[in-house]
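Participant: Predicted model and sequence below, questions to follow.
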Amino acid sequence: MSLDLSHISRRRALRGLAAAGAGLVLAGREGVAFAGEEGALWTPLKHGGRDYLPLEQVGRFYGFGSVQRSGKGFVVGAGARSLSGQADSVDFKISHIKFILSYPVADVGGTLCLSRVDLVKLIEPVLRPSKIEGAARVNTVVLDPGHGGEDRGAVGRLGDEKTFTLDVAMRAAALLGRSGYKVLLTRASDEAVSLEERVKFARRFPAALFVSVHFNSGGSGTGVETYAMSPRGVPSMSAEGAQLAAYEAYPGNSFDSENAALATATHASLVSRSGMFDRGIKRARFYVLREANLPGVLLEAGFLSNPEDMQRIASPWYRQQVAGSIVEAVGNYRRSVGGASV
């Protein structure tokens, strides 16, 4: 399932991308072409000890067209149907959505290349979620309002993170319930719930989706970002845990493709509905993502340390938009992996 976004507005493109698996198989030894499906042949290049695939081949495979370069910058395709970024950078866009790659786009002997892990673990499930094998039909959503009780989370002049996350979760629960989903919350009041308890609760519903709601803090930061579990062998994009953890397999890694698709659906809807600065889709080994045995995401819907973000977060209208983005994302994810809407 590929996307044709060339004739629609930016807002609709975001939602189309959100609705947009991993049928791509790249396996082999150094020096051997990797066979994809539909007669595609991938020729890997070694760079920094890793396999990279030429962006020209990526563009052809997904029907985006040729690579157009301007200095370090590049675009594959055009408009709403495009891949873009810069050499030596992890910032990467599919359509209008920003992703943070696991490894920078590399210029290998004049050929722009994407790491094999980014192609398999990110690009493929984002562009072809219908090909994710074994993805469960989703009827249940576990909402996880961050913090609670004595743990206030980020503290802003107009309120605490724990209060705002619970409000968003309750709003999302009401909307999801009206749409026919079974909804469960890791907490439904201002109570302290440990990370272990949250995960233990979520594990009771393996055919569900897990959405952890948070608000950010720090410096002059602004905007929204969405986290999915880091694939095995990939560095975390947060300070969470030692880098040796990158080489361990966690329960959350069983759903790498689903996680990528769900994160895309969530982030595309969040950016579209909130109008906030797009900080991108990132990977991390947060406890609730790595230990859960179901597809999950953690969203950061603005900075309580930023006066402008804080004003939005304190607005019931904005929190309703965040809740609506969760509902929209769940529906888009469910349709994109081959299920029908509720």
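Facilitator: That came through, no problem.

Participant: Which elements pack onto the lengthiest helix in the chain?
Facilitator: Using DSSP state H to define each element, the chain has its longest helix at helix 316-336. Judged by 3 or more Cβ pairs under 8 Å, 6 or more residues apart in numbering; DSSP states H and E, helix 316-336 is in contact with helix 10-19, helix 161-178, strand 208-216, helix 256-274, strand 296-303. C-beta coordinates here come from the backbone N, C-alpha and C atoms, glycine included.

Participant: what's the closest of these to residue 222?
Facilitator: strand 296-303 (5.5 Å; Cβ to Cβ).

Participant: which strands and helices sit next to that closest one?
Facilitator: So strand 296-303, by 3+ Cβ pairs under 8 Å, 6+ apart, packs with strand 208-216, strand 224-229, helix 256-274, helix 287-290, helix 307-313, helix 316-336.

Participant: Format the ones you listed as TSV; extra columns: mean neighbour count, distance to residue 44 and mean pLDDT.
Facilitator: Output for these, formatted as TSV (neighbours: other Cβ atoms under 10 Å; distance: least, Cβ to Cβ, whole Å; pLDDT from 0 to 100):
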stretch	mean neighbour count	distance to residue 44	mean pLDDT
strand 208-216	26	34	97
strand 224-229	28	25	97
helix 256-274	28	20	97
helix 287-290	22	29	96
helix 307-313	19	42	97
helix 316-336	22	28	97
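
Participant: Flag the shaky bits of the stretch 1-150 of the chain, pLDDT-wise.
Facilitator: When residues are selected by pLDDT under 70, those of the stretch 1-150 of the chain lie in 1-40.

Participant: Would you map the strands across it?
Facilitator: 34-35, 41-42, 45-47, 50-54, 67-70, 73-78, 81-86, 91-94, 97-100, 106-108, 111-115, 140-145 (DSSP state E, counting those that start in this stretch).

Participant: for those strands, which one ends up most surrounded?
Facilitator: strand 140-145 (a mean of 25; mean count of other Cβ atoms under 10 Å).

Participant: Turn the strands of the stretch 1-150 of the chain into JSON lines, including distance to residue 330.
Facilitator: Formatted as JSON lines, the strands of the stretch 1-150 of the chain follow (distance: least, Cβ to Cβ, whole Å):
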{"stretch": "strand 34-35", "distance to residue 330": "34"}
{"stretch": "strand 41-42", "distance to residue 330": "33"}
{"stretch": "strand 45-47", "distance to residue 330": "38"}
{"stretch": "strand 50-54", "distance to residue 330": "32"}
{"stretch": "strand 67-70", "distance to residue 330": "35"}
{"stretch": "strand 73-78", "distance to residue 330": "28"}
{"stretch": "strand 81-86", "distance to residue 330": "25"}
{"stretch": "strand 91-94", "distance to residue 330": "20"}
{"stretch": "strand 97-100", "distance to residue 330": "17"}
{"stretch": "strand 106-108", "distance to residue 330": "36"}
{"stretch": "strand 111-115", "distance to residue 330": "29"}
{"stretch": "strand 140-145", "distance to residue 330": "6"}
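
Participant: among the ones you listed, which is nearest residue 190?
Facilitator: Nearest of the strands of the stretch 1-150 of the chain (Cβ to Cβ): strand 140-145, 9.6 Å.

Participant: now the closest one against strand 208-216, angle please.
Facilitator: Angle, strand 140-145 to strand 208-216, by axes from the mean of the first three to the mean of the last three Cα atoms, to 10 degrees: 20 degrees.

Participant: Give me the contacts around strand 140-145.
Facilitator: 162, 165-166, 168-170, 172-173, 176, 181-187, 198, 201-202, 205, 207-213, 288, 294, 326, 330 (Cβ atoms under 8 Å, 6 or more residues apart in numbering).

Participant: what are the pairing partners of the helix or strand that it is followed by, and which direction each?
Facilitator: Sequence-wise, the next helix or strand downstream of strand 140-145 (DSSP states H and E) is strand 155-156. Neighbouring strands of strand 155-156 in its sheet, by DSSP bridges, are strand 159-160 (antiparallel).

Participant: Dump stretch 154-161 to PDB, keeping only the CA atoms.
Facilitator: Presented in PDB, the C-alpha positions along stretch 154-161 are these (Å, rounded to 0.1, in the frame of the first residue of the first chain):
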ATOM      1  CA  ALA A 154       6.800  18.900  34.600                       C
ATOM      2  CA  VAL A 155       5.600  21.900  36.500                       C
ATOM      3  CA  GLY A 156       4.200  25.000  34.800                       C
ATOM      4  CA  ARG A 157       2.900  28.300  36.000                       C
ATOM      5  CA  LEU A 158      -0.600  27.300  34.900                       C
ATOM      6  CA  GLY A 159      -0.600  23.700  36.000                       C
ATOM      7  CA  ASP A 160       1.200  20.400  36.400                       C
ATOM      8  CA  GLU A 161       1.900  17.800  33.800                       C
END
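
Participant: Buried ones in that stretch, by neighbour count?
Facilitator: 154, 156, 159, 160, 161 (16 or more other Cβ atoms under 10 Å).

Participant: any idea which of those residues is least confident?
Facilitator: On pLDDT alone, residue 156 ranks lowest of these, at 91.

Participant: How about that one, nearest residue that isn't a chain neighbour?
Facilitator: residue 304 (3.4 Å; Cβ to Cβ, 6 or more residues apart in numbering).

Participant: How about residue 291?
Facilitator: Closest to residue 291 by Cβ to Cβ, 6+ apart is residue 199, at 4.5 Å.
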